[in-house]
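Trainee: I'll drop the sequence and a predicted model, then ask my questions.
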Number of protein chains: 2
Amino acid sequence: MKAQTTSRAEPAAGEISAGFERLWALMRWLSPPGLSLNAGATLGTLQRSGPRRLTALAASEGVTQPAMTQLVGRLAEAGLVARSADPDDGRVVYVEITQEGRDMVARRRAARAERLSMLLARLSPDQQDALAAALPAIDALASLWRDDQLAPPAA
Amino acid sequence: MKAQTTSRAEPAAGEISAGFERLWALMRWLSPPGLSLNAGATLGTLQRSGPRRLTALAASEGVTQPAMTQLVGRLAEAGLVARSADPDDGRVVYVEITQEGRDMVARRRAARAERLSMLLARLSPDQQDALAAALPAIDALASLWRDDQLAPPAA
DNA sequence: TATTGTTATACTCTATAACTATA
DNA sequence: TATAGTTATAGAGTATAACAATA
């Protein structure tokens, strides 16, 4: 309740998180079956960021290390990712997306875009513009959070 | 691939859905434990929309009818919702949020807002504004989709 | 002794199919 | 016969705890 510690961000935070929550069911509907949302997001992270350690992947996707072990196991079994060892540290496992995985990401992205564009077309031009204009902020928000998970700040 | 059927919405759809996907892990992190994301979203829908039939609730949350039966059962057991019968049709079940449920929604919303505001404060003012400006579009998108689920359009 | 990742186990949640009750 | 909702069953996916291997 303490006022003006964070400029105008504070009053808006409640509405923004409520808006995100309302998108929850839509996001599930957009995602083609075959991969869970976690699996799809993990694949997307690997495509954007390149090979990553299993622990880092678990942190950036917000799941536990054992859960990521199993998720990577499923993705590897499906040929979508590959594991590799660190030559300098035998404990470390790197996870990398395969070409097959990239194809899967592309297919899913196209399917989502097709479904979403039908809805977007029914928004007003102003609303479409507002969504597009918010994309950099959405990306920045997601990146900030992921970076915090990898190297927690103060709290 | 067919061009200009939907103005500028089409090229942006891919980026927007990718942005949503990147928010996925953040959304899970924002949500306090105790209720699943589906449970929280369902409670939020009931608070906004008032009593709803179980079938309609299942459609608007994007889960099957049996899944909603069980989810409502869990929420009712926790005292967060109440069922009531339709006097005119003995088959119909209405689901309504209780005061305890409203309190839960408020608590969760406050917790999410607190976590999110720490991240929002680290965005530039422009980015904060862009997010706030996109809220009406996000709400409209969610509503469009929910309405379609309740009464499917053409496809 | 600390760190990285895996295995074991139990639990939550979901979907499909079969069922009951009302219309 | 169709519709609203429930029950039965099986499966996916997660977390906690215990473990193995490397540093």
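Mentor: Received the coordinates, thanks.
Trainee: quick one: the helices in chain A?
Mentor: A:9-30, A:37-49, A:54-61, A:65-77, A:99-120, A:125-150 (DSSP state H).
Trainee: Output those helices in a markdown table; the columns should cover mean neighbour count, distance to B:Thr98 and mean pLDDT.
Mentor: (Each C-beta comes from the backbone N, C-alpha and C, glycine too.) Output for these, formatted as a markdown table (neighbours: other CB atoms under 10 Å in any protein chain shown; distance: least, CB to CB, whole Å; pLDDT from 0 to 100):
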| stretch | mean neighbour count | distance to B:Thr98 | mean pLDDT |
| --- | --- | --- | --- |
| helix A:9-30 | 21 | 19 | 89 |
| helix A:37-49 | 19 | 30 | 97 |
| helix A:54-61 | 20 | 34 | 97 |
| helix A:65-77 | 15 | 33 | 97 |
| helix A:99-120 | 18 | 33 | 95 |
| helix A:125-150 | 18 | 33 | 95 |
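Trainee: Could you say which one of the ones you listed comes nearest to B:Arg146?
Mentor: helix A:9-30 (7.4 Å; CB to CB).
Trainee: State the distance from A:Asp86 to B:Gly101.
Mentor: 49 Å (CB to CB, to the nearest Å).
Trainee: before we move on, what about A:Arg53?
Mentor: 42 Å.
Trainee: cool, and A:Glu61?
Mentor: From A:Glu61 to B:Gly101 the distance is 30 Å (CB to CB).
Trainee: ok, the residue most central in space within chain A - contacts?
Mentor: Most central in chain A under CA atoms, centre = their mean is A:Ala41, positioned 4.2 Å from the mean C-alpha point. The contact partners of A:Ala41, by CB atoms under 8 Å, 6 or more residues apart in numbering or on different chains, come to A:Glu61, B:Glu21, B:Arg22, B:Trp24, B:Ala25.
Trainee: Distance to DNA strand C for these - can I get that in JSON lines?
Mentor: Conversion of the contacts of A:Ala41 to JSON lines gives the following (distance: CB to the nearest atom of the strand, whole Å):
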{"residue": "A:Glu61", "distance to DNA strand C": "13"}
{"residue": "B:Glu21", "distance to DNA strand C": "19"}
{"residue": "B:Arg22", "distance to DNA strand C": "22"}
{"residue": "B:Trp24", "distance to DNA strand C": "15"}
{"residue": "B:Ala25", "distance to DNA strand C": "17"}
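Trainee: Can you tell me which of those residues is closest to A:Ser31?
Mentor: B:Glu21 (7.8 Å).
Trainee: Residues of chain A that sit close to DNA strand C?
Mentor: A:53-55, A:65-66, A:69-70, A:72-73, A:83, A:91-93 (CB under 7 Å from any atom of the strand).
Trainee: Any chance of those in a markdown table with distance to DNA strand D as columns?
Mentor: Formatted as a markdown table, the residues of chain A next to DNA strand C follow (distance: CB to the nearest atom of the strand, whole Å):
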| residue | distance to DNA strand D |
| --- | --- |
| A:Arg53 | 13 |
| A:Leu54 | 13 |
| A:Thr55 | 12 |
| A:Gln65 | 7 |
| A:Pro66 | 4 |
| A:Thr69 | 8 |
| A:Gln70 | 5 |
| A:Val72 | 10 |
| A:Gly73 | 10 |
| A:Arg83 | 14 |
| A:Arg91 | 5 |
| A:Val92 | 8 |
| A:Val93 | 11 |
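Trainee: Put together a markdown table for those residues, with distance to chain B on each row.
Mentor: What follows is those, written out as a markdown table (distance: CB to the nearest CB, whole Å):
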| residue | distance to chain B |
| --- | --- |
| A:Arg53 | 17 |
| A:Leu54 | 16 |
| A:Thr55 | 15 |
| A:Gln65 | 15 |
| A:Pro66 | 17 |
| A:Thr69 | 17 |
| A:Gln70 | 17 |
| A:Val72 | 16 |
| A:Gly73 | 19 |
| A:Arg83 | 21 |
| A:Arg91 | 25 |
| A:Val92 | 22 |
| A:Val93 | 20 |
